[in-house]
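Visitor: Starting from these lines, generate the structure:
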Amino acid sequence: MTISLYNLFEAALLCVNAIAVLHEERFLSKIGWGSTDHMRGFDEPPGMKSQIIQLIRSVRTVMRIPLILLNTLTIIFKLLLG
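Guide: Numbering: from 1, shown residues only. Sure, this is the predicted structure:
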């Protein structure tokens, strides 16, 4: 099996989908990554954990509509071309 540009696109789409469906109360708060778990001081630089939490929130906020469209196009492409 060769790696094509479409396969890379599909893998990236699946990873973004996985990030987008993470539920904060059910999953993230159980491992200590909830909304109240990353409080920091005023002048403290953000740590790796808080940056990852912010990335997860940003993906859920910004990528909601584009993910719907990209998933729909991918499904149609798979149905038509197999």
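
Visitor: Sketch out the low-pLDDT regions of the chain for me.
Guide: In the prediction, the chain carries residues with pLDDT under 70 at positions 1, 29, 33-43.

Visitor: so where's the longest helix in it?
Guide: For the chain, the helix that runs over the most residues, judged by DSSP state H, is helix 64-81.

Visitor: now the helices for this protein?
Guide: 5-20, 48-62, 64-81.

Visitor: re the thing from before, contacts for the longest helix of the chain?
Guide: Outside helix 64-81, the residues that touch it by Cβ atoms under 8 Å, 6 or more residues apart in numbering are Glu10, Leu13, Val16, Asn17, Ala20. C-beta: built from backbone N, CA, C; applies to glycine.

Visitor: Render the CA-only coordinates of that helix in CSV, please.
Guide: Output in CSV follows, covering the C-alpha atoms of helix 64-81 (Å, rounded to 0.1, in the frame of the first residue of the first chain):
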residue,chain,number,x,y,z
ARG,A,64,-16.7,22.7,14.0
ILE,A,65,-18.2,23.8,10.7
PRO,A,66,-15.1,23.0,8.5
LEU,A,67,-15.0,19.5,10.0
ILE,A,68,-18.7,18.9,9.0
LEU,A,69,-17.9,20.0,5.5
LEU,A,70,-14.7,18.0,5.2
ASN,A,71,-16.3,14.9,6.7
THR,A,72,-19.2,15.1,4.2
LEU,A,73,-16.9,15.6,1.3
THR,A,74,-14.7,12.6,2.4
ILE,A,75,-17.8,10.4,2.8
ILE,A,76,-19.1,11.4,-0.7
PHE,A,77,-15.6,10.8,-2.2
LYS,A,78,-15.4,7.3,-0.6
LEU,A,79,-18.9,6.4,-1.8
LEU,A,80,-18.3,7.5,-5.3
LEU,A,81,-14.7,6.2,-5.9
